[in-house]
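S.K.: Fold the following and give me the result.
(one chain, ligands or ions: 2)
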Amino acid sequence: MRSAELSGVVCCRVPGKINLELAVGPLRDDGYHELSTVFHAVSVYDRITVQAATSWSVHVTGPYADRVPTDDSNLALVAAKALARRRPRGIRLTPVRIDIDKQIPVAGGMAGGSADAAGTLVACRELWGLDHVENDLLEEIAGSLGSDIPFLLHGGTAIGSGRGEQVTPVLARGELHWVLWAGEGLGLSTPAVYAECDRLRAERGEEIPPPTPSGELMQALRRMDADAVAGHLRNDLQEAAISLQPVLAEVLQAGRELGARAGIVSGSGPTVAFLVGSQAEAIDLSVGLAARGPAGDILRAIGPVPGAQLVQSRATAPAGPTVPPVSG
Ligand SMILES: C[C@@](CO)(OP(=O)(O)O)[C@H](O)COP(=O)(O)OP(=O)(O)OC[C@H]1O[C@@H](n2ccc(N)nc2=O)[C@H](O)[C@@H]1O
Ligand SMILES: Nc1ncnc2c1ncn2[C@@H]1O[C@H](COP(=O)(O)OP(=O)(O)O)[C@@H](O)[C@H]1O
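M.R.: Ligands and ions are numbered 1, 2, ... in the order given. Have a look, this model is predicted:
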């Protein structure tokens, strides 16, 4: 059996996302909801470093490290092992050590775990030299691991359909400025928020139409007009997220009173994203929110930004120690 050439360290930078629109359709037979969402990658990044090792492991540093599992449930590790299973017949791969510098709030509706999985797929493909794994196959593997992961490979602004895993880029020039509020120690479980949305809809006996993207939002994005985008932000999970974490209503109210053009819960929350018109407005709003609470981490970001990108590849990496290859 041959073993893949391996040397050095590979590093990938991957952003978090917010959802500019999240239209939630009916619950499908497979337990997922049909979606039409507009993903928007923002400049809050995790950094994934991979290197050959004698056993699989994941290590996390950064402000949110203590909230991230380091066992086999870590999505980065799950992604690395899923990719290793796609190696060509007759090739052995070394296990990897994965280091995550965690800057994306955890369980916050910003898809940080999905981002780490996307970054790990890109980094391990490079480290293992799996050149036969083209982007289409990488996306297919990503979609099999989680609904948000394919988008984090793309980045930018894109429509997600199906359960969110089918990604179509949106024409959007220019940039938007955001202030993000991430509740200290708050977290919402994605399945719990979808279930609460179903419960609230059933209570009202609501008809649920098939979800479709808003033409007005698409037009506003084409012009990157902050006020027009502000008028068309929509999240069908917001009510459910507020029902489970009522403090989010206070945060949205505070942001509006402090001059945000609009505020929206990101995905299943509890991160709240405020749209502002400029960097100066972003500074004013973040200072105002920090002063008046509710308590939370406040981050400034721009979007759209690219998805998972190599920042150190095998070609530029110094050769690392040689380790014996083992079966993956
Ligand atoms: C709500 C969103 C909006 O972008 O993001 P987050 O707020 O979690 O970041 C996504 O739909 C989350 O996607 P992701 O976090 O990848 O979810 P998955 O791992 O695929 O699914 C976790 C669980 O969420 C629910 N789920 C997810 C996607 C979907 N279209 N319908 C669902 O009902 C299901 O209960 C599923 O078992
Ligand atoms: N690499 C990872 N980073 C963050 N969370 C992870 C990771 N791997 C697994 N998880 C688990 O996934 C859950 C959801 O995390 P995350 O993706 O940050 O949130 P969300 O789905 O709200 O966007 C976390 O509570 C954590 O237990």
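S.K.: alpha carbons only for contacts and neighbour counts from here, please
M.R.: Noted.
S.K.: Buried residues in stretch 205-216, which are they?
M.R.: For stretch 205-216, burial by neighbour count (16 or more other CA atoms under 10 Å) applies to 211-214.
S.K.: helices or strands up against the lengthiest helix in the chain?
M.R.: In the chain, assigned by DSSP state H, the helix with the most residues is helix 112-128. Contact analysis of helix 112-128 by 3 or more CA pairs under 8 Å, 6 or more residues apart in numbering; DSSP states H and E lists strand 9-27, strand 33-52, helix 75-84, helix 135-145, helix 149-154, strand 309-312 as its packing neighbours.
S.K.: Can you say which of these is nearest to L299?
M.R.: Among these, the nearest to L299 by CA to CA is strand 33-52 (8.1 Å).
S.K.: What strands flank the closest one, and is each parallel or antiparallel?
M.R.: Paired strands of strand 33-52, with direction, are strand 9-27 (antiparallel), strand 96-101 (antiparallel), strand 157-162 (antiparallel) (DSSP bridges).
S.K.: State the phi and psi torsions of A301.
M.R.: Taking degrees, to the nearest 10, you get phi -150, psi 160 for the backbone angles of A301.
S.K.: Take the buried residues of stretch 205-216 and lay them out in CSV including pLDDT.
M.R.: CSV is the format used below for those (pLDDT from 0 to 100):
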residue, pLDDT
P211, 96
T212, 93
P213, 92
S214, 95
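S.K.: Show me where the protein dips below the pLDDT cut-off.
M.R.: Within the chain, the ranges that satisfy pLDDT under 70 run 1-7, 315-328.
S.K.: Quick check, central residue of it?
M.R.: Nearest to the mean C-alpha position of the chain, counting by CA atoms, centre = their mean, stands A111 at 3.0 Å.
S.K.: Out of the strands paired with strand 33-52, which one sits most buried?
M.R.: Of all these, strand 9-27 has the most neighbours on average by mean count of other CA atoms under 10 Å, namely a mean of 25.
S.K.: any idea how far that one is from the chain center?
M.R.: Remark: strand 9-27 is offset 3 Å from the chain centroid, using CA atoms, centre = their mean, to the nearest Å.
S.K.: Could you chop this protein up by domain?
M.R.: 2-170+307-312, 176-303 (automatic domain parsing).
S.K.: tell me how far the longest one is from the chain's mean position?
M.R.: Between the mean C-alpha location of domain 2-170+307-312 and the chain-wide mean there is a distance of 9 Å, by CA atoms, centre = their mean.
S.K.: hang on, the earlier thing: export the helices and strands packed on helix 112-128 as TSV, with columns for distance to ligand 2.
M.R.: Below are the helices and strands packed on helix 112-128 laid out as TSV (distance: least, CA to the nearest ligand atom, whole Å):
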stretch	distance to ligand 2
strand 9-27	8
strand 33-52	9
helix 75-84	4
helix 135-145	11
helix 149-154	10
strand 309-312	17
